[in-house]
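Colleague: sequence-free structure coming up:
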């Protein structure tokens with residue numbers, strides 16, 4: 001009886017808030033539990049759920065405000081949009097396509113932090129403009145102006161440095177490595193790795209160190225399976241496994257294990 005009275009005092013916004021938190025926890029759990037053997041801890045689930053809830057709560061509460069104040073058309077449009085969003089997120093998480101989920105998450109976070117960054121930079125630049133080129137901020141101290149100029153210069157130079165550092169070379173500029181020993185000397189430069197015709201019976205674990213690896217050629221070896229850790233290679237685009245004694249069951253397992261975005265080539 002007391003529970004019913006307590007629930008009756010909760011507003012629709014409160015139910016929506018609680019539902020969003022619960023959905024964030026569910027997404028975090030399904031995302032971290034990539035396979036039956038993994039056992040994500042409460043702390044990791046909580047941290048991921050906190051990030052997801054921060055991303056979801058702002059648009060959810062804004063949508064709820066428009067939903068309450070809008071007409072029937074606006075309500076139907078908002079409901080349809082969120083139904084599509086939650087259905088897509090549920091499908092991605094259940095299908096274990098974490099690479100696509102992470103890509104969408106990075107786009108959302110990049111949009112949020114990018115907008116905040118532009119607001120910060122724009123605000124400082126506008127303040128400098130008002131102080132130096134107009135008379136609207138004549139009372140502003142000079143040290144504040146130079147402080148803004150300093151931070152603007154640091155931000156611009158740091159952004160240019162990050163952009164140049166993260167620039168991925170074109171396919172023509174990528175060096176093809178044909179030896180693990182040579183590749184291990186510069187793992188950050190390994191984009192193409194050709195280990196075909198080397199009589200490999202096991203997947204070389206050193207390959208997992210190459211975070212930028214895009215093209216992996218393992219043709220004409222004696223491989224029978226791939227380790228689960230291969231799916232953590234987020235930059236991988238193509239893997240060639242032709243002429244390896246891999247059973248149909250293992251091929252199906254590999255296709256299920258790797259992201260659909262990765263091209264897997266099996267040829268006999």
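Modeller: That came through, no problem. Everything quoted here is computed from the prediction, not taken from an experiment.
Colleague: so where do the helices sit in the stretch 151-268 of the chain?
Modeller: 180-183, 248-257 (DSSP state H, counting those that start in this stretch).
Colleague: quick one: which of those helices is nearest residue 265?
Modeller: Checking those against residue 265 by Cβ to Cβ gives helix 248-257 as the closest, at 11.0 Å. In short, each C-beta sits where N, CA and C put it, glycine included.
Colleague: Okay, buried residues for that closest one please.
Modeller: Buried residues in helix 248-257, counting neighbours by 16 or more other Cβ atoms under 10 Å, are found at 250, 254, 257.
Colleague: mind giving me the domain split of the chain?
Modeller: With domains defined by automatic domain parsing, the chain comprises 12-96, 101-165, 171-265.
Colleague: Number of residues surrounding the closest residue to residue 40 other than its chain neighbours?
Modeller: In this structure, residue 40 finds its nearest non-sequential neighbour in residue 32, 3.6 Å apart by Cβ to Cβ, 6 or more residues apart in numbering. When neighbours are defined as other Cβ atoms under 10 Å, residue 32 has 17 of them.
Colleague: now swap in residue 203 and tell me
Modeller: Neighbours of residue 203 under the rule other Cβ under 10 Å: 19.
Colleague: picking that back up, tell me which of the domains of the chain is the most buried.
Modeller: domain 171-265 (a mean of 15; mean count of other Cβ atoms under 10 Å).
Colleague: give me the beta-bridge partners of residue 217?
Modeller: With DSSP bridges as the criterion, residue 217 is bridged to residue 194, residue 240.
Colleague: shaky segments in this protein?
Modeller: By pLDDT under 70, the low-scoring segments of the chain are 1-13, 34-38, 70, 89, 92-102, 105, 164-174, 268.
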